[in-house]
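Visitor: Here is my input; please provide its structure:
(one chain, ligands or ions: 2)
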Amino acid sequence: MSKSVLQQDETRCFFLDHKSENDPKHPEDTYQALDKHHVFGGPNRKHSEKYGLWVKICMCRCHRAGEYGGPLSIHNNPNKEGGKDLMLKRLAQQTFEEKYSHEEFMRIFGKNYL
Ligand SMILES: [Zn+2]
Ligand SMILES: [Zn+2]
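Guide: Ligands and ions are numbered 1, 2, ... in the order given. Model (predicted):
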């Protein structure tokens, strides 16, 4: 398993320390169960894993889709401006490009989020 390059403390939800526009008041909840979320899913999930582009986030409030996820969860708000998904994709792309390059990001992930 790769180490996350986006998150130092994997014992708490990423969005506690990185408030998104659509969820500025994420409460401190140390008992929340955490899920591992890959920033780029589908065919890019394996690339997200390889380059450490994943984070630990609250299972219900921040992660899951549909009725099992919160109204502001990442899989209920894909690619939405101000939402957690797009915020995380932008941060991941920037972090990747600082280490490699924009061309390399486009070659591997195939889409520009910035
Ligand atoms: Zn996920
Ligand atoms: Zn959370």
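
Visitor: in the lengthiest helix in the chain, what counts as buried?
Guide: In the chain, ranked by residue count with DSSP state H as the criterion, the top helix is helix 84-99. Within helix 84-99, the residues scored as buried using 16 or more other C-beta atoms under 10 Å are 84, 85, 86, 87, 88, 89, 91, 92, 93, 95, 96. Glycine gets a C-beta too; all of them are placed from N, C-alpha and C.

Visitor: do stretch 40-50 as well
Guide: Residues of stretch 40-50 classed as buried: 40, 44, 47, 48 (neighbour count, 16+ other C-beta under 10 Å).

Visitor: What are the contacting residues of it?
Guide: 1, 2, 38, 39, 53, 54, 89, 92, 108, 109, 110 (C-beta atoms under 8 Å, 6 or more residues apart in numbering).

Visitor: So which of the residues you listed sit within helices?
Guide: Those of the contacts of stretch 40-50 lying in helices (DSSP H): 89, 92, 108, 109.
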